[in-house]
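[1] I need the structure of the sequence given here:
(chains A, B, C and D)
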Protein chains: 2
Amino acid sequence: MRISARADYAVRAALQLAASAEAAPVKAEAIAAAQDIPHKFLEGILNELRRAGLVVSRRGGNGGYRLAGPAASISIADVIRAVDGPLVSVRGVRPPDLAYTGPAESLLPLWIALRSNVREILEGVSLADVAGAELPRGVLALTEPPSAWTNP
Amino acid sequence: MRISARADYAVRAALQLAASAEAAPVKAEAIAAAQDIPHKFLEGILNELRRAGLVVSRRGGNGGYRLAGPAASISIADVIRAVDGPLVSVRGVRPPDLAYTGPAESLLPLWIALRSNVREILEGVSLADVAGAELPRGVLALTEPPSAWTNP
DNA sequence: GTATTTCCTAGTGACTTGATGGGAAAACGT
DNA sequence: ACGTTTTCCCATCAAGTCACTAGGAAATAC
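    Residues are numbered from 1 along each chain as shown, chains lettered A, B, ... in the order given. Okay, the predicted model is just below:
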């Protein structure tokens, strides 16, 4: 289960936009510099975000990108789905489309539970939450046990 | 976030072994047929499970594979890690090794929370649980709302 | 009209994924 | 001892994905 570079970059770019929520649009180049993302690569990502309706753009003179709506109403899941498709898939297919037989039958509900859990987190956290460094209480609670920060 | 075919196959193979917990080892070919997995591909996977110490093998005559321990003490996470490495990574690196700046700083705790949540599920469910179709109450609860079964 | 910045298309090298094939090594039954 | 079975261990493969780059067309500002 890996978060792709695209997804990571997309979220960070969106966060940068959430932070500069003034009237003036932010240029791709500025975001690339601030977050250390290859800027031509980022351009493509921002474009996808625009096509998904999360971001609006203006070109020319002092153009750039702005969030399409309030940062509090865009979830991390929204951003990831815009650039990477379904949040979680098994072998490239979404859980509900899977079919298991024999002793593996209960694997489907397991994947469903997993996905539901992932959704709960990524849909429950907004750009405003992260940019403002105020994660929801439930999410923060998960980070409290020191074991959460150590590798297996 | 995708579960690879290797991981899916590995878990299903392990479940098949958990189901036939008799003395006689199960042949790769039998597992491949039962779960519809390319059998040469499966052979490699079973080998990795053996190297990880989850499975023991015997060759020749009536050889095959057996679980190395009781199905109740092998978690789904164990199996996935054996064939795919870390459960969750961002751009290929594990969350604790990441560094974020500016408005993205709180992204790290978010990934940590996500990983912690995924762990909770995959480490908390054993092969015996799935093979016996008796998922832990907490996991089952996640599958109850119909919304868990629908795509976004 | 010129400078700027987004938008679009195409392409690239490296890696991963899913899968296949051929045998060598080990264990069995007889 | 012998032949069969089955795991084990390469090597390879096509296809795809990933991360990234290049070049230019279209739109907007001044």
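
[2] from here on, contacts and neighbour counts on C-alpha atoms
    Will do.

[3] contacts only, for the residue located most distally from the centre of chain A.
    For chain A, the C-alpha lying farthest from the average C-alpha position belongs to A:G102; by C-alpha atoms, centre = their mean, that distance is 35.9 Å. By C-alpha atoms under 8 Å, 6 or more residues apart in numbering or on different chains, the contact list for A:G102 reads B:16, B:34.

[4] list the buried residues of the host helix or strand of A:E43.
    When secondary structure is defined using DSSP states H and E, the element that contains A:E43 is helix A:39-51. Judged by neighbour count (16 or more other C-alpha atoms under 10 Å in any protein chain shown), helix A:39-51 contains these buried residues: A:39, A:42-43, A:45-50.

[5] check which helices and strands it is in contact with.
    Identification of packing neighbours for helix A:39-51 by 3 or more C-alpha pairs under 8 Å, 6 or more residues apart in numbering or on different chains; DSSP states H and E yields helix A:5-19, helix A:28-35, strand A:55-58, helix A:76-84.

[6] and if we set it to 7 Å?
    Helices and strands in packing contact with helix A:39-51 are listed as helix A:28-35, helix A:76-84; criterion 3 or more C-alpha pairs under 7 Å, 6 or more residues apart in numbering or on different chains; DSSP states H and E.

[7] up against DNA strand D, what does chain A have?
    A:4-6, A:37-41, A:58-63 (C-alpha under 7 Å from any atom of the strand).

[8] would you mind listing which of these are buried?
    In these, burial by neighbour count holds for A:4, A:6, A:37, A:39, counting by 16+ other C-alpha under 10 Å.

[9] what is the nearest of the residues you listed to DNA strand C?
    Proximity to DNA strand C was ranked across these by C-alpha to the nearest atom of the strand; first place goes to A:H39, at 8.8 Å.

[10] that closest one contacts A:E29, doesn't it?
    Yes - using C-alpha atoms under 7 Å, A:H39 and A:E29 qualify as a contacting pair, with a distance of 5.9 Å.
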